[in-house]
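>>> Here's my sequence, what's the structure:
(4 chains)
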2 protein chains.
Amino acid sequence: MMNLQSLTTPHVQCGSCPIRHRAVCARCDSDELEVLDSIKYYRKFEAGQTVVWAGDQVDFVGSVVSGVASLTQTMEDGRRQMVGLLLPSDFVGRPGRSTAAYDVTATTDLMMCCFRKGQFEKMMQETPHVSQRLLEMTLDELDAAREWMVILGRKTAREKISSLLAIFARRNTLLTGGEASGRIVIDLPLTREAMADYLGLTLETVSRQISALRKAGVIELQGKRHVIIPDFDRLLDETGDDSDGGFYD
Amino acid sequence: MMNLQSLTTPHVQCGSCPIRHRAVCARCDSDELEVLDSIKYYRKFEAGQTVVWAGDQVDFVGSVVSGVASLTQTMEDGRRQMVGLLLPSDFVGRPGRSTAAYDVTATTDLMMCCFRKGQFEKMMQETPHVSQRLLEMTLDELDAAREWMVILGRKTAREKISSLLAIFARRNTLLTGGEASGRIVIDLPLTREAMADYLGLTLETVSRQISALRKAGVIELQGKRHVIIPDFDRLLDETGDDSDGGFYD
DNA sequence: GCGTTTGGTTGATCTTGATCAAAGTTGCCC
DNA sequence: GGGCAACTTTGATCAAGATCAACCAAACGC
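Below is the predicted model:
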């Protein structure tokens, strides 16, 4: 038997995985892991490396163990839009599909925990927990995608940047267990260009708006990637969202 | 036993449902339907009616039988963004959540087939097929959401309109069984304002771009809602997408 | 039939963010 | 330490789409 240890509700620390990763291990409070360990493996990538190209054959699914990966779609004339941002514990890949629909890129050094697709699919058949958990995660991702659509379609550049910073701030404080508030420090896992691709802006506009938020005292910068948010509520005021944040369960 | 009749792969015509609706019936090639019929019911809405308001308690899930519904998010200052467009066979509601995250509105006359949430959730526990099918549908919706993000983030107004028309054209021809090509006729299920909310534009810009496409001969109009696409490939050229359309399986 | 409402079109002007261009930082390799 | 490359900032100008405003047309109520 292995050392299973719940961190936050949906996350489970399992066996050799160094960090919570909830894709498959979650709720597997039985010895399913024994089987898993013989079919899962790790892959490491450096910042900037491509994990898979859109259109490639892909024979694995997996989840992010540490670092950040992004899904991007590129139009034929080169315009790029990020369509997914994968933080630790997020799932990558689509069971039942053999080619990648998007480029997957490591935006920081990245560690993934992968499963051969065939075996994963077999596991889904055999263990209802797995597809139920996957459904839950996919619904969360869909919610995030919809929030993202509001950002892309209706927010100003300044609101977009503020929203992105708020997303990172929330994810950061989630990891350490608390709720986002007061003074928060984040290390941006994205270049200005990647932020632009996330937000549907140009990198120049991203840079200018970050400078503007700095001049307005909403954020402080130490270097280019290290951001201090002295007052999280002040940042939220800049996002254009309702004050309550709109959480549902 | 009832008359089960496969139309296209994932769709099944079942019992008293007038049209294919795949949320629950799919793959239920057994007598599960007997049970279902005792717990499902229909709801009808007129164009413009609200199905649920964001924040409301919701005690049902369901799928669209006929007509079109939309999910919209409204910012506190009134800016609105559509985040979901529900066509026949699409699923509405999130199992495991008791309040609606978005406004659901009938954009045309609408018929829905609903299940009490508690019973639906019980069914998901008991029948793995259901949650597997739901996962598949949710993944499709996530893909659509990502395509939509590219539209919102990176396309010009003209490309946005063309993309939306292409989406309707594809859905239309899917229903009649074929592949989209050549001459296609569609009835827009959305007002100019709803199209604007879909695309992150103003209604004036929508109107202007539709006029521009008409003047360019890409589309013909009969009245305000009836659109003729004389050459589907010509329309596709205007969407900014790669010619192959980017389909994966 | 006529005023009203709802949804749509068209025009003039303004604003935001894109584009083009140059220069500033930081880190790294030799 | 110097030079290069990657990333970022800042500036000047431009253009797409928003905004404000007027008008149009079909449907509806009475």
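>>> which ones are touching residue A:85?
Counting by CB atoms under 8 Å, 6 or more residues apart in numbering or on different chains, residue A:85 touches A:68, A:69, A:70, A:71, A:198. Backbone N, C-alpha and C define where each C-beta goes, glycine included.
>>> Not counting residues beside it along the chain, what's closest to the second one?
To tie it back to what came earlier, the one meant is residue A:69. residue A:86 (4.2 Å; CB to CB, 6 or more residues apart in numbering or on different chains).
>>> and that neighbour, how many residues sit next to it?
Neighbours of residue A:86 under the rule other CB atoms under 10 Å in any protein chain shown: 23.
>>> That one and residue A:71 touch, don't they?
Yes. Between residue A:86 and residue A:71 there is a contact under CB atoms under 8 Å: 7.1 Å.
>>> For those two, list the residues in contact with both.
The contact lists of residue A:86 and residue A:71 share residue A:104, where a contact means CB under 8 Å, 6+ apart.
>>> what's the spacing between residue A:145 and residue B:156?
22 Å (CB to CB, to the nearest Å).
>>> These two: which has the busier surroundings?
Ranked by neighbour count (other CB under 10 Å), residue A:145 and residue B:156 place residue A:145 first, with 21 against 12.
>>> residue contacts, that one?
A:83, A:84, B:142, B:145, B:146, B:149.
>>> Could you tell me which of those residues are located in strands?
Judged by DSSP state E, strands contain the following of the contacts of residue A:145: A:83, A:84.
>>> PyMOL command for the buried members of the contacts of residue A:145?
Remark: buried members of the contacts of residue A:145, expressed as a PyMOL selection using 16 or more other CB atoms under 10 Å in any protein chain shown:
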select buried, (chain A and resi 83+84) or (chain B and resi 142+145+146+149)
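>>> Return the member of the contacts of residue A:145 nearest to DNA strand D.
Lowest distance from DNA strand D to the contacts of residue A:145 (CB to the nearest atom of the strand) belongs to residue B:149, with 15.8 Å.
>>> contacting residues for the closest residue to the closest one other than its chain neighbours?
Take residue B:149 and drop its neighbours on the chain: the residue closest to it by CB to CB, 6+ apart is residue A:83, 5.0 Å away. Shown in contact with residue A:83 (CB under 8 Å, 6+ apart): A:71, A:72, A:73, A:102, A:145, B:146, B:149, B:150.
>>> try 7 Å
Going by CB atoms under 7 Å, 6 or more residues apart in numbering or on different chains, residue A:83 touches A:71, A:72, A:73, A:102, B:146, B:149, B:150.
>>> go on, residue A:123?
residue A:130.
>>> Backbone dihedrals for it, both of them.
Torsion angles at residue A:123 (phi, psi; degrees, to the nearest 10) stand at phi -60, psi -40.
>>> go on, residue A:77?
Per degrees, to the nearest 10, the backbone of residue A:77 is at phi -90, psi 10.
>>> Neighbours of it, how many?
Residue A:77: 7 neighbours (other CB under 10 Å).
>>> For the closest residue to it other than its chain neighbours, give its distance to residue B:216.
Distances taken as CB to CB, 6+ apart put residue B:240 closest to residue A:77, at 7.5 Å, once the chain neighbours are dropped. Counting by CB to CB, the separation of residue B:240 from residue B:216 is 15 Å.
>>> With neighbour numbers in mind, choose between these two.
Between residue B:240 and residue B:216, residue B:240 has the larger neighbour count (other CB under 10 Å), namely 20 against 11.
>>> I figured the more buried one was touching residue B:155, is that so?
Yes. Residue B:240 lies in contact with residue B:155 (CB atoms under 7 Å); the separation is 5.5 Å.
>>> what about the lengthiest helix in chain A and DNA strand D, touching?
What stands out as the longest helix in chain A, according to DSSP state H, is helix A:128-154. No. Judged by CB under 7 Å from any atom of the strand, helix A:128-154 and DNA strand D are separated, with a smallest distance of 8.7 Å.
>>> mind listing what's buried in the helix or strand harbouring residue A:205?
Per DSSP states H and E: residue A:205 is located in helix A:203-215. Buried residues in helix A:203-215, defined by neighbour count with 16+ other CB under 10 Å: A:205, A:206, A:207, A:209, A:210, A:213.
>>> Fine by me, thanks again.
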